[in-house]
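> Sharing a model prediction with you, sequence too.
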Amino acid sequence: MTTRHGYTSPQPLRRTDARLNRERLVATAQEVFAEAGPGASLNEIARRAGVGPGTLYRHFPNRPALLTAVLRDRIESLCGRAEALLSSESADDALADWLRAFLAHARVNQGMGSALMAEEPDTPGLDCHQLILDAAASLLTRAQQRGTARADLTADDLVQLVVGIALSTARRQDAGQPERLLALVLDATHGRPHRNE
């Protein structure tokens, strides 16, 4: 902002620096939490982001605040991907692509949501489950409208199945197992429901 004497205020530059620092902290926290879990050192996050601990605590006064920011960033990205896939030609491919992305998300983030709920059970403004459910529902509904996904399947069914795969394969050495299990879920998505005679 320029005053009438021609002096330029550094305020906009400070705001830009603060925004960039915050973005860098969230990106670095994502990496560090993925490597070391939600209990990772906040000082290590600050060091790797190239800022001092004071800068980290100015943006995120405690661990739950940083966990919330990281989860929100990842979930917004996941939901944005679902929205982009709604315009793809194949509803089946769109649903499969998104479920693969959701499985990767669930495997990386499974401990973060639990840690956040343990530390801050009433976290405002972050209903992860509902956001993910809405994204899954939009893609599933499109496939159902095109007649390629079974009508009795719900978005909640799919979300629970994918989370179940993430949890059950978390400590397994077989890297291909999550994808194989997801392929079975995708096959079941297109199968006909069994009727009880």
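Right, received. Where do you want to start?

> From now on I want contacts and neighbour counts done on CA atoms only, so please keep to that.
Fine.

> The helix or strand of the chain with the lowest mean pLDDT: what's the following helix or strand?
One helix or strand of the chain scores below all others by mean pLDDT, DSSP states H and E: helix 91-119, with a mean of 78. Counting by DSSP states H and E, the next helix or strand C-terminal to helix 91-119 is helix 128-145.

> list the helices and strands that following helix packs on?
helix 63-85, helix 91-119, helix 155-168 (3 or more Cα pairs under 8 Å, 6 or more residues apart in numbering; DSSP states H and E).

> nearest to Gly191, of those helices?
Comparison of the helices and strands packed on helix 128-145 against Gly191 by Cα to Cα identifies helix 91-119 as nearest, at 12.8 Å.

> circling back to that earlier point, want to throw the helices and strands packed on helix 128-145 into CSV with distance to Thr55?
Shown next, in CSV, are the helices and strands packed on helix 128-145 (distance: least, Cα to Cα, whole Å):
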stretch, distance to Thr55
helix 63-85, 13
helix 91-119, 21
helix 155-168, 34
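
> right, so of those, which gets closest to Ala149?
helix 91-119 (7.7 Å).

> can you list the domains in this protein?
Residue ranges for the domains of the chain, per automatic domain parsing: 1-61, 62-197.

> The shortest one: how far from the chain's middle?
This means domain 1-61. Using Cα atoms, centre = their mean, to the nearest Å, the mean C-alpha position of domain 1-61 is found 21 Å from that of the whole chain.

> is it true that Ala175 lies in a strand?
No - looking at Ala175 with DSSP: H, G, I helix; E, B strand; the rest coil, it is coil, so not inside a strand.
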